[in-house]
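*Asks:* the following comprises the amino acid sequence and a computationally predicted model.
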Amino acid sequence: FYNNKIVWITGSSWGFGASGVVYLVDTITLAYVEGSTNDSLDADLMAGGNVLIAADNTADYTLVAGTLAFGTSNGVGISATVLTLDDHVEAYIGDYADVVAEGESSAVAVNVGDIDSSGNPTFAMEKGLFVTATSSEDIFSLAFAGAGGGNNGGAASASVNIIDQVTRAHIDANTDINAFNSISDTGPSVYVVAADRTDVFGLGGGLGGGGNIGAGLGADVGLVTKDTRAYIGEGASVDAENRIVVEAISEEGVLSIAAGIGGGVSTGVAGSGSVYIFDNTTLAYIAGTASAPGQTHVHTDGSIQVSAVDNTEGLMVAGSIAAAGGNGGGASAAVPIITKWTEAFIGTTTIDGVTIGSGGFADVASRAMAGKDLIMAYTGSFDIQTPVDTGADIGPRFNPQTSVDASLDTITFAIDHGFNDGQKVVYSSGGGTVIPGLVDGETYYVVKIDNSTLQLAADQQGTLIRSLDVGATGSKHSLKNETRFKRNTIN
């Protein structure tokens, strides 16, 4: 979506200009298997291959409003951009549904909820049953106003963004999910992933000048409410041969700028404010029942991950300049207000007086058998890693002819590589030919063997890159590190 409104008005005595752009957006995106009120009316879905239930909504919004007003006596300029976004993205398997995904066909691309270094969604090639709800919002909002007059000039602008985002992926109560097959492979998996990414750039600026009084006011205001949930409902039965992942991810990035400039021969007044209020709920869980009969059942021959992550990054700038021959006054403020509830659990919890899960009865078993895929698990700590080579924030360079072990799919460095388990890295061939099995500029995850040796995984869950080969040329291959949440490889 793109819209703009720019007005330029002049007058012999008075100059007045006003402009505004307003978006009111309400969207719903659903993907689901219909549920029922009892087992006799349930939906039955059987697939010898894979089952992918995916709801995705990706939107870009650009709003620009501007005003310039001049008068021989007085000038007044006003502009505003307003976005109200109410977005609901949901994927689910309804109550009492029976779904079988044997995974005996080719793997499918599954959105695992994370983003790469270029801001694009990360996909993994997997077999099994996948319920994913993903959404992203990229907002550019700019409002500016300028005014001048022989006597007085005043300008004010505001950029306002109100976002209400609900993203949910779930397997509901009393469902029966089976992801097993009879062929010799790692077996199918079950993923329940809800992820949302919100990026906002907002700017509000006002410039006013007059022979007597000049005033400029600018504001950027945001109200962001997000509810991101991934879960398996109480009384559900979920069995998988490889791994079960229940993950909720919420990410927010904000750049907010507010500026006011006012100048007058007698009086100059300037003011600006940047205010963003976040209210985020991010939940990942396996809900328990109130008693043992009919309790929730989640079993796998591999590993189980229940993970909730909320990451907010913001830069807020507010500035004012007031100049006058007589009196000048300026004020500015940048105010972030952040409220978060981030929780991963098995059983039951209470949030704002609302109970989730009837009780603590849940039969959850992760057998972690040999030959199953590992998972990458958050440890709760944060890691800022300093690479050995301080040049351009890159780890030590290597020559694949001597560093790659094709039989073990490992890369061994001559010195300490400086990376940690789960660290996000970008591979570069350094002008040589690309290592077979890798893609130049692609993002991978480190699986640390020791301080000099590592493997690379395609996703957060630790799906290893296989079939590395020594056939590449060049001695300047490298891995560029990125600061992320710290994870360890766990089976």
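*Replies:* Thanks, I have the structure now.

*Asks:* could you list the low-pLDDT ranges of the protein?
*Replies:* 1-13, 117-119, 381-395, 481-491 (pLDDT under 70).

*Asks:* and residue 297, what are its bridge partners?
*Replies:* Beta-bridge pairing for residue 297 (DSSP bridges): residue 237, residue 363.

*Asks:* which residues of the stretch 51-200 of the chain fall in strands?
*Replies:* 51-71, 74-93, 98-101, 108-115, 121-126, 128-149, 152-171, 176-179, 189-210 (DSSP state E, counting those that start in this stretch).

*Asks:* and of those, who's closest to residue 424?
*Replies:* strand 108-115 (8.4 Å; C-beta to C-beta). Any C-beta I mention is one placed from the backbone N, CA and C, and that applies to glycine too.

*Asks:* what pairs with that closest one, parallel or antiparallel?
*Replies:* For strand 108-115, pairing defined by DSSP bridges yields strand 121-126 (antiparallel).

*Asks:* contacting residues around the strand it pairs with?
*Replies:* 50, 107-116, 134, 136, 189, 191, 443, 458-461, 463 (C-beta atoms under 8 Å, 6 or more residues apart in numbering).

*Asks:* try it again with 6 Å
*Replies:* Outside of strand 121-126, the residues within contact range by C-beta atoms under 6 Å, 6 or more residues apart in numbering are 107, 109, 110, 111, 112, 114, 115, 116, 189, 458, 459, 463.

*Asks:* now those residues in JSON lines, with neighbour count and distance to residue 240?
*Replies:* Converted to JSON lines, the contacts of strand 121-126 look like this (neighbours: other C-beta atoms under 10 Å; distance: C-beta to C-beta, whole Å):
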{"residue": "107", "neighbour count": "15", "distance to residue 240": "15"}
{"residue": "109", "neighbour count": "12", "distance to residue 240": "19"}
{"residue": "110", "neighbour count": "24", "distance to residue 240": "14"}
{"residue": "111", "neighbour count": "19", "distance to residue 240": "19"}
{"residue": "112", "neighbour count": "24", "distance to residue 240": "16"}
{"residue": "114", "neighbour count": "22", "distance to residue 240": "21"}
{"residue": "115", "neighbour count": "16", "distance to residue 240": "26"}
{"residue": "116", "neighbour count": "16", "distance to residue 240": "27"}
{"residue": "189", "neighbour count": "29", "distance to residue 240": "6"}
{"residue": "458", "neighbour count": "20", "distance to residue 240": "19"}
{"residue": "459", "neighbour count": "22", "distance to residue 240": "17"}
{"residue": "463", "neighbour count": "23", "distance to residue 240": "15"}
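
*Asks:* and for residue 371, the neighbour number?
*Replies:* 11 (other C-beta atoms under 10 Å).

*Asks:* sorry, slip of the keys, the one I care about is residue 71.
*Replies:* 23.

*Asks:* in this structure it contacts residue 14, no?
*Replies:* Yes: with contact defined as C-beta atoms under 6 Å, residue 71 reaches residue 14; the gap is 4.6 Å.

*Asks:* tell me the secondary structure for residue 259?
*Replies:* strand (DSSP: H, G, I helix; E, B strand; the rest coil).

*Asks:* for the closest residue to it other than its chain neighbours, name its beta-bridge partners.
*Replies:* When the adjacent residues along the chain are set aside, residue 259 lies closest to residue 205, with 4.4 Å between them (C-beta to C-beta, 6 or more residues apart in numbering). In this entry, residue 205 is beta-bridged to residue 144, residue 259, by DSSP bridges.

*Asks:* for residue 205, give its distance to residue 57.
*Replies:* Distance of residue 205 to residue 57, computed by C-beta to C-beta, to the nearest Å: 31 Å.

*Asks:* so those two - more neighbours on which side?
*Replies:* Using other C-beta under 10 Å as the criterion, residue 205 and residue 57 rank with residue 205 on top: 28 against 18.
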